[in-house]
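**Student:** Below is the structure, and that's it, no one-letter string:
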C-alpha cells in the first residue's frame, strides 16, 4: 500500500493522461498567492465520472491522497497536495451537458470555466451571474463557495448550485439535489459539498441556477470622502429595497493602483462602483434614487456608464484591481485577506484595518464587496522576505480576529485552504470538531485533500 | 438505562415543566394530517438552551428519544414520537433576542412563530417574508426547510436562515454561521441542520435574514382555461426578469372550495394569484407587463387589489384554502401531497395528476406555488376508511414517482416526516445512505427524532 503502487495502477488505465513530468508537477504545485510550491506525485486528467471514481477507489485502496484541480486560481492554496499524491485536473471535463432554458438551469462539468459557460449561454437570453473576478472553473467555485461582485443580488455558489454529482472517498457516485427549484427531502447534501474544498468528495457534475440577462444595465462610479458615508449610503439603499446588482468599494490606495494600471482616471479618493439590472424604466429609477441617497451621504463625482463598452471597461478595471495592486510593487507577491462582517460594522472594520496597515511597513490597498460586508486587503510582500511575510500574516491574523469580534467570518469567499485552518477554532468552537466528525464519516482514511479544512489529526 | 429513569431525572430539574398528563401527551401526539395519534411518554417545556442541553444529555445517557415540537403544524407527522420518549415543546422559548436593523437580521428563539416575529418587526420597516400559510414556529420551519407563497422571490428557509445555535446529541452546544451575509469558512453546518427535521440536533436559536417592507404592493387574480397557459405565462414572466413576490395556482376544484369557504366570488376556472413588491413605479410597470404576458397566454378576468384590505382578503383566502378544501367533505381528513418539479414539466405534472385523481373515487383539489414548480393535491379521506386512505396513498405514491421521472423531488416544502421515508431511496439512491452515515456520525445512539428521515436500522 503506497503512493507509487497507486500511480502504477492509475497509469495502467489513464495512459498518458497520468503525468509525472517535472513540468506538469510544478504547474500543479503552484498557487496564485504567497504559498511555497508544493508539487504532487502525479497529475491525472480524467475524462468521465467513471474514471474519477476509479481513480479515487484505487487511491483509497493504496492510501494515496487525491486533490481536485480546476483553473488554479485559488488564493488559499486549496489545490496544493500538501501530503503528496495525485492531483486530479478537470481540464478535460469541461463540457456544458444541458441547458434547460425554461427551467433556467444548466448542467455542466467541473472543469468548465464561468466565462466559457457564459459564452455558451449568450444566445439563450440567460447568464450565470456569479463572478469572482478570476476566470475560475465552476467545480472550483463550488468547492470554495465562491462569490464576488454580484453576490449582493444573485447570491454565492451556495445559492447558485442546485445539485451535484459527487464521487465519494469509497468510489460511490451520488447525485444531490434535483432539477426542481427547491426540496425538503432530507439533508441538504448539495450544501454540504459546496464549500467542502474537495475534502468530502470530488464534484464531477453541477446543476447551476441561471438568470435572465437583464434588459437594461446601468453602472456608475462615485467618490466618497471615506468609508462611513459610503457604507451609510449602501445600507440605506439596501433597506429601501433598491436592488443593486453590484456594489463595490475601492479605497484611495486601490484607486491610485487602478489609475496607474488601467488608466481609470478617477479622482484620488475612495470610490463606490455600482450596477443596476432590470427593465429600462426600473434601472433609471433605481439609479436616480441611489444618486439621491449617495448624495445625502457625501457621494460626489458620479460617472454613469450606460454604454456597454464603458461598463466593460469599468468592470475590467475592477477585475484587474488585484493585478493593479500587485503592480504597485513590482516583483511582490500578495497575501490577500478576505474577512466579512455584518454591514453595520463594515466602516469600523475597514477603518481599523486601514489604520493597522498604515502603522505597518507594508502596502495594503483595500477593496471589497460592500453590499455583503466583505473586503480584501492586498498585502504586498517581497517574495523571499520572511520578515515581511510574518508582518503580513500578523496583520491578517488581527483582521480575522477583528472580524470575529464584530460578529463576522474569517473568510467571505476565498475559503480556508492552507492559510486559515489556524483560525477555524476561533470562528467555530466545537463546530469545528463537528466538521471533523463529518469528514471522518465520509472519508475515514483521509485521502481527499488531506491536511485541509478540518482539525489536524482528524483522519 | 430506560425511559422512566430519564423522566425521573428530567422532572428533578424541570419540576412541573415536565408533564405526563394524559391531556398534554395527547396534545403532543396529534398531527395536522392523517397520521394516527402517537403520544410521547412526557412533554418538557425548557426555557433556556442550557436546559435543552441538559435534557438531551440526560436522555442520551438513558437511551430516551428526544423529539422537538414547535407549533404542531407539520403535515408529515415530524414531531410525533414514534418510539416514545420526550417531546421538547419550545413554547417557552419564543423570544426575539435581537433585531439588527442595519444588518437586516433578527436573532430569535425556536418557539417564536412567524406571525409573532412580523408583529415585532412592524415598526422597523423590515419583515420576515417566508410564509408557509400556517402560523408555524420558526424552529419548526427551519427544521423542515419550509417555504410557501413567497419563496419565488425571497427563497426558502435554506436562504432565510443565516445561522443557528444547536444542541447536539451529546449535549454540546454549537453555533453555526455568523451575522455576516456570507462565509466560506468550512462546511455549511447551518444548511446541514436546516431541513434535518430534528434528527441531528435541536435548534435553540436562529439568526434570520430580514427584508425591507416593500414600499408598494400590488396583487391580482387572473383566470386561465387550464394549466398550460398559466405555466407558460409564469415561465415567460420569470425569464423576462419580472420579479414576482408571489405566484400561486388554484385549480377549478380549489376555486369552488374557496368560493364556498371564503366567499371569494371567483369564476369557476383555474386561477393564478400574483403579487408584486417594489417602488410604486416598479410595481406598476411589473403589473402592466405581467398583464400583457398573461393576456397572450389566455389569462382573463383580471382583478387587481392595490388596497391593503383587498390583498389581505386575497391571501387570507389562499392561506385558508387547505381548510376550504377540507370543508368540501365535512369530517374528512387530508393527505396532502407536495411534489416539486422543474417548471418546464409543471403543466404535465399537474395535468397527469388531475387525470389520475379524476379516475379515482377521491376528491383532490390541486393548488400550489407555480413559480417554484411545487404543488399540492389535498386528497380527502374519511378518517376511518382504510380503503380510502390506501387509495390516497397510492395516488400520492404515483405523484411522487411522476415527480422523480420529471427530474423533481418528492417534497418541495413539507418534508419527509412519517410519510415519505419510503420514497427517499428512489429520490436519493446511495445519497440516502450518506444521510445515514452523517446521522450516525452526529447521533450514534439514535436518540434524536428516531425513526425519521434516514434509512431504517441506521442507529
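**Tutor:** That came in fine, so what should we check first? Being a predicted model, the structure only gives us computed values, none of them experimental.
**Student:** List the contacts of the residue of the stretch 1-150 of chain A found nearest chain B.
**Tutor:** Nearest residue of the stretch 1-150 of chain A to chain B, counting by CB to the nearest CB: residue A:102, 3.8 Å away. Quick note: C-beta positions are derived from backbone N, CA and C, even for glycine. Residue A:102 sits next to B:235, B:239, B:342-344 when contact means CB atoms under 8 Å, 6 or more residues apart in numbering or on different chains.
**Student:** Confirm residue A:376 sits in a strand?
**Tutor:** Yes. Per DSSP: H, G, I helix; E, B strand; the rest coil, residue A:376 lies within a strand segment.
**Student:** give me the beta-bridge partners of it?
**Tutor:** On the basis of DSSP bridges, residue A:376 is bridged to residue A:367.
**Student:** residues in contact with it?
**Tutor:** Counting by CB under 8 Å, 6+ apart, residue A:376 makes contact with A:336-338, A:366-368.
**Student:** quick one: which of those is most hemmed in?
**Tutor:** Within these, most neighbours by other CB atoms under 10 Å in any protein chain shown means residue A:337, with 30 neighbours.
**Student:** Make sure it is actually in contact with residue A:377.
**Tutor:** Yes. Between residue A:337 and residue A:377 a contact is recorded at 4.7 Å, counting by CB atoms under 8 Å.
**Student:** Could you tell me which residues touch both of those two?
**Tutor:** Common neighbours of residue A:337 and residue A:377, counting by CB under 8 Å, 6+ apart, are A:395-396, A:399.
**Student:** In helices, which of the residues you listed fall?
**Tutor:** Within the shared contacts of residue A:337 and residue A:377, residues falling in helices by DSSP state H are A:395-396, A:399.
**Student:** Adding pLDDT, neighbour count and distance to residue B:266, write those residues out as TSV.
**Tutor:** Listed next are these as TSV, based on pLDDT from 0 to 100; neighbours: other CB atoms under 10 Å in any protein chain shown; distance: CB to CB, whole Å:
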residue	pLDDT	neighbour count	distance to residue B:266
A:395	98	21	64
A:396	97	23	61
A:399	98	24	58
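**Student:** show me which of these neighbour chain B.
**Tutor:** Residues of these in contact with chain B (CB under 8 Å from any CB of the partner chain): none.
**Student:** Name the nearest of these relative to residue A:418.
**Tutor:** Closest approach to residue A:418 among these (CB to CB): residue A:396, at 12.9 Å.
**Student:** That closest one contacts residue A:337, correct?
**Tutor:** Yes. Residue A:396 is in contact with residue A:337 according to CB under 8 Å; the separation is 4.9 Å.
**Student:** what's the overlap in contacts for those two?
**Tutor:** Common contacts of residue A:396 and residue A:337 (CB under 8 Å, 6+ apart): A:377, A:379.
**Student:** So for the residue nearest in space to the middle of chain A, what's the pLDDT?
**Tutor:** Among the residues of chain A, residue A:146 comes closest to the average C-alpha position under CA atoms, centre = their mean, at 3.3 Å. Confidence at residue A:146, expressed as pLDDT, is 98.
**Student:** Pull the contacting residues for the nearest residue to it once chain neighbours are set aside.
**Tutor:** Excluding its sequence neighbours, the residue lying closest to residue A:146 (CB to CB, 6 or more residues apart in numbering or on different chains) is residue A:132, at 4.5 Å. Shown in contact with residue A:132 (CB under 8 Å, 6+ apart): A:73, A:114, A:141, A:146-148, A:413.
**Student:** Out of those residues, list just those in helices.
**Tutor:** Using DSSP H, those in helices are A:114, A:141.
**Student:** which residue packs closest to the residue in the stretch 101-250 of chain A that chain B sits nearest to, ignoring adjacent ones?
**Tutor:** Proximity of the stretch 101-250 of chain A to chain B (CB to the nearest CB) peaks at residue A:191, 3.3 Å away. Ranked by CB to CB, 6+ apart and with sequence neighbours excluded, the top spatial neighbour of residue A:191 is residue B:191, at 3.3 Å.
**Student:** Helix or strand for the one you found, just tell me which one.
**Tutor:** Per DSSP states H and E, residue B:191 falls inside helix B:189-193.
**Student:** what residues go with each domain of chain A?
**Tutor:** Domains of chain A are assigned by automatic domain parsing as A:3-91, A:93-212, A:216-322, A:327-415.
**Student:** Go through those and pick out the most buried.
**Tutor:** When you average the neighbours per residue for each of these (mean count of other CB atoms under 10 Å in any protein chain shown), domain A:93-212 leads with a mean of 23.
**Student:** Report how far apart the opening and closing residues of it are.
**Tutor:** Using CA to CA, to the nearest Å, the span of domain A:93-212 from its first residue to its last is 26 Å.
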